[in-house]
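**Q** Next input, structure requested:
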Amino acid sequence: MYEDDPSQGLVEKYNFKKGTAKVRFFVKYRLQALNLQKLLRLPKRIQSAICYLCCPMTNTLTIGIIREGKVPPDARVPLTPAQCHHICQQYPSVRILVQPSPIRCFKDEEYTALGIPIQEDLSEASILLGVKEVPKTALLPNKTYLFFSHTIKKQPYNRALLQKILELGIKLVDYEVITDPAGNRLIAFGYYAGIVGAHNSLYAFGERTKAFSLPRMYQCHDYAEVKKHYESLALPALRIVVTGSGRVAAGAIQNLLDTGIQQVSPTDFLQNTFESAVFTQLSASEYVRRKDGQPFEKQAFYKDGSAFESQFAPYARKADIFINCIYYDPKAPAFFTVEEMQHPDFRIQVIGDVTCDIMPGASVPSTVRPSTILEPLYSFNPHTGQAGAPHQTGCVDVMAIDNLPSELPRDASSFFGQQLIDRVLPELLHQSDTGAIQRATIAENGHLRPHFQYLKEYAEGE
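**A** Next up is the predicted model:
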């Protein structure tokens, strides 16, 4: 009789108001063939208490998406409107609130159009998601925060932030150290850093040589619009070398392929001439070698880079553009020295340092400072060691933007949010437990977690 709407039977039989938490609770257990008669003999206040404790609608987990407050502002989001809607549909016990923002790449109206509330006060949320560092004055005590804190390398400029987090009893989960048991990162923007970094490197070469012209990515709606510009792009026979084998390099390579540039092997790159634009990708075994002449071993290099020396020079004599996408350990050798850059056969005109480590702890000696989205390029004079305006004679142009994915915020946010849904949200909802959240928790209840005790002196300093 009530197969299509089993709650209707309860409404009529027990005079409950249809749609209440009590009905939902009893329907749930009726469908599981439990004896409701025993429950219904309980006093009304006990029935209500059971409904309150057991009904998913009243045990809601509220997640807040904070407004980015770092200066310069970042337009990225941890979850897009569509992803928020998907989560709420898939997990009825999850509620998402979004703080209003005038600079977010997705407008407030895009969230509300999908039923996601916009409100300033996020104090009812137990988990707060952001992207970049949260201003100290915006932190709410005793909450769980997920964002890139940039504290794990003892960055001096964020010492006060970590101190405030400890003072407020905040649980800080840092995206950068959310890993699987093998130590592989589970969530990152790196792929889009590579895409944007490669595009900007080509842009820099075009501006320098006037051989072609490209728009900036931040001026385009999304990557689909950018790729439309590639359809009419005519490139000269330039040569590009990409270093790295991780997700950043994968993004750079995808971008170069999207522009129609041909990929060749390192051997062909060095030995052959080409009538069209080409690029090659170098892994560590191609750009370093052991000092003692023994065969290259990747694990040995990652363990102690000081036992190796650079063998990048042949590529510096052949490439017009160098796109650096490695993870750099300061114990490892730099690709080349400033003195080598002074040599007449050093051919590289543009360095796209996606890695963006700053000297003196950098793999590229010309990266003396970061550049910005609005001022993406500067020149480096290897004879004076000074940086200046781009495109100067006798200088190399450097692109070293340290927040590259922000140029393509909608695509980057969608990519990042999907990783968060697939790899992190189940851990937050306790549907799986691989230890990823525990490994990434820097601080909790006013104390540094065991994995991050090395930050104690840093956190206690001035």
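**Q** Need the pLDDT of the most centrally placed residue in the chain.
**A** By Cα atoms, centre = their mean, the chain has its centre lying nearest to Phe189, at 2.6 Å. Looking at Phe189, its pLDDT reads 96.
**Q** Quick check: it touching Leu408?
**A** No. Between Phe189 and Leu408 there is no contact, the gap being 9.8 Å when judged by Cβ atoms under 8 Å. Where C-beta positions appear, they are placed from N, C-alpha and C, glycine not excepted.
**Q** what's near enough to touch the residue nearest to the centre of the chain?
**A** Going by Cβ atoms under 8 Å, 6 or more residues apart in numbering, Phe189 touches Arg76, Pro405, Ala412, Phe415, Phe416.
**Q** would you say the first one is within a strand?
**A** No. Going by DSSP: H, G, I helix; E, B strand; the rest coil, the assignment for Arg76 is coil, not a strand.
**Q** any idea how far Asp180 is from it?
**A** 24 Å (Cβ to Cβ, to the nearest Å).
**Q** Looking at those two, which has the bigger crowd around it?
**A** Arg76 (25 against 13; other Cβ atoms under 10 Å).
**Q** Show me the contacts of Phe189 that map onto helices.
**A** Ala412, Phe415, Phe416 (DSSP state H).
**Q** okay, those residues in TSV with pLDDT, distance to Pro72 and neighbour count next?
**A** Shown next, in TSV, are the ones in helices among the contacts of Phe189 (pLDDT from 0 to 100; distance: Cβ to Cβ, whole Å; neighbours: other Cβ atoms under 10 Å):
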residue	pLDDT	distance to Pro72	neighbour count
Ala412	97	16	28
Phe415	97	22	21
Phe416	98	19	26
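**Q** can you give me the mean pLDDT across the helix or strand containing Gln299?
**A** In the assignment (DSSP states H and E), Gln299 maps to helix 298-303. Taken as a whole, helix 298-303 has an average pLDDT of 93.
**Q** where does it sit relative to the chain's centre, distance-wise?
**A** Here helix 298-303 is found 25 Å from its chain centre; the criterion is Cα atoms, centre = their mean, to the nearest Å.
**Q** residues of it that come out buried?
**A** Phe301 (16 or more other Cβ atoms under 10 Å).
**Q** Likewise for stretch 231-245?
**A** Leu233, Leu235, Leu238, Arg239, Ile240, Val241, Val242, Thr243, Gly244, Ser245.
**Q** So what's the gap between it and the chain middle?
**A** The answer for stretch 231-245 is 25 Å, by Cα atoms, centre = their mean.
**Q** Equivalent analysis for stretch 447-462, please.
**A** 24 Å.
**Q** ok, now stretch 392-400?
**A** Per Cα atoms, centre = their mean, the centroid offset for stretch 392-400 relative to its chain is 28 Å.
**Q** same question, stretch 291-299
**A** Offset of stretch 291-299 from its chain centre (Cα atoms, centre = their mean): 32 Å.
**Q** What lies in contact with it?
**A** By Cβ under 8 Å, 6+ apart, stretch 291-299 touches Ala284, Ser285, Val288, Arg289, Arg290, Ala307, Phe308, Glu309.
**Q** redo that, cut-off 7 Å
**A** Ala284, Ser285, Arg289, Arg290, Ala307, Phe308, Glu309 (Cβ atoms under 7 Å, 6 or more residues apart in numbering).
**Q** What about the residues you listed, which are in strands?
**A** Arg289, Arg290, Phe308, Glu309 (DSSP state E).
**Q** which two from the residues you listed end up farthest apart in space?
**A** Arg290 and Glu309 (7.9 Å; Cβ to Cβ).
**Q** Please enumerate the helices of the stretch 151-300 of the chain.
**A** Secondary structure of the stretch 151-300 of the chain by DSSP state H, counting those that start in this stretch: the helices cover 159-167, 190-209, 223-230, 247-258, 266-271, 284-287, 298-303.
**Q** For Lys331, which of these is the nearest?
**A** Among these, helix 298-303 comes nearest to Lys331, with 9.6 Å by Cβ to Cβ.
**Q** how close does Gly206 sit to Ser213?
**A** From Gly206 to Ser213 the distance is 5 Å (Cβ to Cβ).
**Q** Pick out whichever of those two has more residues nearby.
**A** Per other Cβ under 10 Å, whichever of Gly206 and Ser213 has more neighbours is Gly206, with 18 against 10.
**Q** what's near enough to touch Tyr328?
**A** Thr355, Asp357, Ser363.
**Q** pLDDT value on it, please?
**A** At Tyr328, pLDDT is 87.
**Q** coming back round to it: and which of the buried residues of stretch 231-245 is nearest Arg369?
**A** For those, the nearest to Arg369 is Thr243 (20.7 Å; Cβ to Cβ).
**Q** which residues touch the closest one?
**A** Leu282, Tyr287, Asn324, Cys325, Ile326.
**Q** With adjacent residues omitted, what lies nearest to the last one?
**A** In space, and not counting its chain neighbours, Ile326 is closest to Gly244: 4.3 Å by Cβ to Cβ, 6 or more residues apart in numbering.
**Q** I'd guessed that neighbour sits against Phe335; true?
**A** No. Counting by Cβ atoms under 7 Å, Gly244 sits too far from Phe335 to count as a contact (11.5 Å).
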